[in-house]
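**Student:** build me a structure from this.
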Amino acid sequence: MRIVSLLAALLFATPCFAQPAARAEAGRPEAARAEAAEARASLPADSVTHQTLTLPGRTLHFTATAGSFRLTDAQGKPQADIAYTSYTLDDADPQTRPVAFTVNGGPGASSAWLQLGALGPWRLALGGTPGPSSSPVPVANAETWLDFTDLVFIDPPGTGFSRLATGADELRRRFYSVAGDIPPLAEVARRWTVKQGRTASPRLVVGESYGGFRGPRLVRALQTGEGLGVRALVMVSPVLDFGWTSFGTDPMALVGRLPSLAAVAAEAAGREPDLAAVEQYAAGEFIADLLRGPRDAAAVDRLTTHVVALTGLDPALVRRLAGRVDMRTFQRERVRGEIASAYDATVASPDAAPEAARNVQPDTLLDGLRAPLTSGMLALYRTLGWQPEGEYQLLNEDVARAWDWGRGPQPPDSVRQLRVALALDPDLRVLVAHGRDDLVTPYFATKLLLAQLPQIGAPDRVRLLVTPGGHMLYFRDAGRAALHDAARALLERR
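**Tutor:** Residues are numbered from 1 along each chain as shown. Here you go, the predicted model:
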């Protein structure tokens, strides 16, 4: 079974380096690891503050809560502490005011990405190419989703300040898995809802990256396990079916990624890409010639001509590859002497080892965002008056490496859950958003997958938004604004 985790996307698609704390933890004896984890398990009491946000044309008064929920087993034994941050607009009717439950991906990523990138009341104004020294100071977010919904950001176990109650392998196996990941998220959403008296509020589920994969599963868990309906599902840069995901020269992977390669090349040349034309070629003549195989000289000739024209790559290189340009080759060959980010291939950094046969450095964008996002979240928690002890895990590679993807012959997917959720709830609406320059979860692969859905209800129940930008499309102003407006229109049934 071929499974590529989105942490092959988030952490392992390019070289990365485990944090020293994670390495030391993994090497400790079980008893010592459990004792150390127990010492970290207690999080401080919830902190509630009242905030005012002044934005163009409006002022928002809201209540911010930073805190956690302790999860226990049937015998009341602690299992995990799940950290969350919520923002609720003051003087709004809780019967009609929506609330969005938001998670990121990885697995092993905290919710800082969506909180400080797109949805929250504050964001990081990174500008240009972000690096470790980019400003970590949150600024007012003019595109905050508080305009139309309350927000609850949830950090799964092992991310942010969320943690397992002990280091026992049994807990790690249960929580760090496709199957065991969803129930704790659903429980936190239900407990927050009950605690705040919001059972009548319309609900959204928002997930990015592997969080998008979680989305349909979390919707179903809320519907069936927690008794909470969901009105809208928003997935940002998701993988919906890992059977469709590949970083090599699988024909479907090449088809799904070609429009993104063309978009990057067009932007580098200062022109708008004709995505419709590239999509038509990719799903037609391109895949037909791929399937003829690399020993068909005429097919290779046609592939070379078209791929060179679309990508701007060296013709000799493309011919040597028989027209089959994989993601890593494009990252290194788009501009010689630079390595493009897999998450937004318009962003690149100098090649630290041009003499090496392969790229040996972390991803420019992903690694460049670690420091400002981590520092930004620590500054935000200080503002909110909640300061747990211990390390804040923006991207926990230990979680990613321990993840259990299941043992069956079928790669995990969430398409079946999406179909069932749409069929059983005629009020559910879905938005899928992608940046066109993302090579990790290319938009066209999702577009082809969504095209296989049967017609269930109104034609516009499932909408696809494609914007300039990459995996974190919201770090471009236009992408963030487009995502804000599309989510609002979805929720308001426009």
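
**Student:** so where do the strands sit in the protein?
**Tutor:** 47-55, 58-72, 78-89, 99-103, 122-124, 138-140, 150-154, 163-164, 203-208, 232-236, 338-340, 348-350, 429-435, 462-467 (DSSP state E).

**Student:** can you put these in JSON lines and add distance to Asp181 and mean pLDDT?
**Tutor:** C-beta here means a position set from N, CA and C on the backbone, and glycine is covered the same way. JSON lines is the format used below for the strands of the chain (distance: least, Cβ to Cβ, whole Å; pLDDT from 0 to 100):
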{"stretch": "strand 47-55", "distance to Asp181": "27", "mean pLDDT": "97"}
{"stretch": "strand 58-72", "distance to Asp181": "13", "mean pLDDT": "97"}
{"stretch": "strand 78-89", "distance to Asp181": "11", "mean pLDDT": "96"}
{"stretch": "strand 99-103", "distance to Asp181": "10", "mean pLDDT": "98"}
{"stretch": "strand 122-124", "distance to Asp181": "27", "mean pLDDT": "96"}
{"stretch": "strand 138-140", "distance to Asp181": "28", "mean pLDDT": "94"}
{"stretch": "strand 150-154", "distance to Asp181": "11", "mean pLDDT": "98"}
{"stretch": "strand 163-164", "distance to Asp181": "13", "mean pLDDT": "94"}
{"stretch": "strand 203-208", "distance to Asp181": "11", "mean pLDDT": "97"}
{"stretch": "strand 232-236", "distance to Asp181": "16", "mean pLDDT": "98"}
{"stretch": "strand 338-340", "distance to Asp181": "31", "mean pLDDT": "94"}
{"stretch": "strand 348-350", "distance to Asp181": "33", "mean pLDDT": "92"}
{"stretch": "strand 429-435", "distance to Asp181": "20", "mean pLDDT": "98"}
{"stretch": "strand 462-467", "distance to Asp181": "24", "mean pLDDT": "97"}
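
**Student:** just put these in CSV and tack on mean neighbour count.
**Tutor:** Formatted as CSV, those follow (neighbours: other Cβ atoms under 10 Å):
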stretch, mean neighbour count
strand 47-55, 13
strand 58-72, 17
strand 78-89, 22
strand 99-103, 26
strand 122-124, 22
strand 138-140, 15
strand 150-154, 26
strand 163-164, 24
strand 203-208, 28
strand 232-236, 27
strand 338-340, 23
strand 348-350, 16
strand 429-435, 25
strand 462-467, 19
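
**Student:** Val137 and Gly376 touch, don't they?
**Tutor:** Yes. Using Cβ atoms under 8 Å, Val137 makes contact with Gly376 at a distance of 7.3 Å.

**Student:** which one's more surrounded, those two?
**Tutor:** Per other Cβ atoms under 10 Å, whichever of Val137 and Gly376 has more neighbours is Gly376, with 26 against 13.

**Student:** chain neighbours aside, what residue packs nearest to the more buried one?
**Tutor:** Once flanking residues are discounted, Gly376 sits nearest to Pro136: 4.3 Å by Cβ to Cβ, 6 or more residues apart in numbering.

**Student:** that neighbour: how many residues sit nearby?
**Tutor:** Residues near Pro136, counting by other Cβ under 10 Å, number 19.

**Student:** which one of the strands of the chain lies nearest to Thr224?
**Tutor:** Nearest to Thr224, of all the strands of the chain, is strand 203-208, at 13.9 Å by Cβ to Cβ.
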